[in-house]
Structure formats: C-alpha cells, structure tokens
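[1] Here is the input, now give the coordinates:
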Amino acid sequence: MQYKKNKNIPRKSDTITVGNALRGMLGAFDIDKKYDETQLINSWGKMMGKTIANRTSKIFINNKKMYVTLTSAPLKNELALSKQKVLDIFEKEVGKGIVEDIVFL
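    The predicted model follows:
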C-alpha cells in the first residue's frame, strides 16, 4: 500500500509546541478549568508534604472552593489557621483563579 500525498491541502508554516497544542485543545473543548482543578488535586501531596498528604482522606473542588477531608483534628485546626498561606502555595504552583477558598473537613 502506497501513501499518496495530497497536494491540495496547504501545510501550515508556523509551528507550535506540544504543550501549546494541548492547551489549545483543552480550551477548544472547554475542559481547561477541569484539567487545572485535577492537576491541583493531584499535586496536593507534593505541595503540602508527605505528613499532611498521609492524613488527607478526600479532596474535591466545587464552585472554586476546595474541600479537604483530614483524619487529624490538630492538623485540621493548624491548616485552618494558615489558610491564606496554603492558598498562596496553590497560586504559585498552579495559577490564580482556580481555587478561591479552602474548607477543611
């Protein structure tokens, strides 16, 4: 089987990176917000550290509010007191506008 090149279709002269192509695809399908939320949830352990990640049982985001279920009451109290610092870490890692508030359960 021989491949025949179609000469009627012009080739684009500008090139883009794979990352930019994926971002464009996510934007075209309107799933870029959900992708960013999933990326934030998956990087929770890396951003917060092993001890906090081990005491976290469930994380989900609803209406730009992140809900984190913790198994340790003292840790929940400590994180509630430093909520702004946690939001600053998220903003630096993923970007602004994904999460506006955190609720520790």
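[2] Helix, strand or coil: sort out I16 for me.
    Per DSSP: H, G, I helix; E, B strand; the rest coil, the secondary structure class of I16 is coil.
[3] Once you drop chain neighbours, what's closest to it?
    Once flanking residues are discounted, I16 sits nearest to G24: 7.7 Å by Cβ to Cβ, 6 or more residues apart in numbering. (Each C-beta comes from the backbone N, C-alpha and C, glycine too.)
[4] Please save the CA atoms from the helix or strand hosting M47 in CSV.
    Secondary structure from DSSP states H and E places M47 in helix 44-48. Output of helix 44-48 as CSV, limited to C-alpha atoms (Å, rounded to 0.1, in the frame of the first residue of the first chain):
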residue,chain,number,x,y,z
TRP,A,44,-1.6,18.2,46.8
GLY,A,45,0.9,15.7,48.2
LYS,A,46,3.9,17.4,46.5
MET,A,47,2.8,20.9,47.6
MET,A,48,1.8,20.1,51.2
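[5] For it, what does the pLDDT average out to?
    Helix 44-48 shows a mean pLDDT of 90.
[6] ok, the residue nearest to I16 - how many residues close by?
    Each residue near G24 was counted by other Cβ atoms under 10 Å, and the total is 12.
[7] Quick check, pLDDT for it.
    G24 is assigned 85 on the pLDDT scale.
[8] in a helix, that's where it is, yeah?
    Yes - judged by three-state DSSP, G24 forms part of a helix.
[9] measure it to L70 for me?
    Distance of G24 to L70, given as Cβ to Cβ, to the nearest Å: 37 Å.
[10] pretty sure S43 contacts K92?
    No - S43 lies out of contact with K92 (Cβ atoms under 8 Å); the separation is 11.6 Å.
[11] For these two, indicate the residue with more neighbours.
    Neighbour comparison, S43 and K92: the larger count goes to S43, with 13 against 10 (by other Cβ under 10 Å).
[12] Isn't F60 up against T38?
    No - using Cβ under 8 Å, F60 is not in contact with T38, being 10.5 Å away.
[13] phi, psi of D32?
    phi -70, psi -30 (degrees, to the nearest 10).
[14] Same check on the one 3 residues further on?
    Geometry field for Y35 lists phi and psi as phi -60, psi -40, criterion degrees, to the nearest 10.
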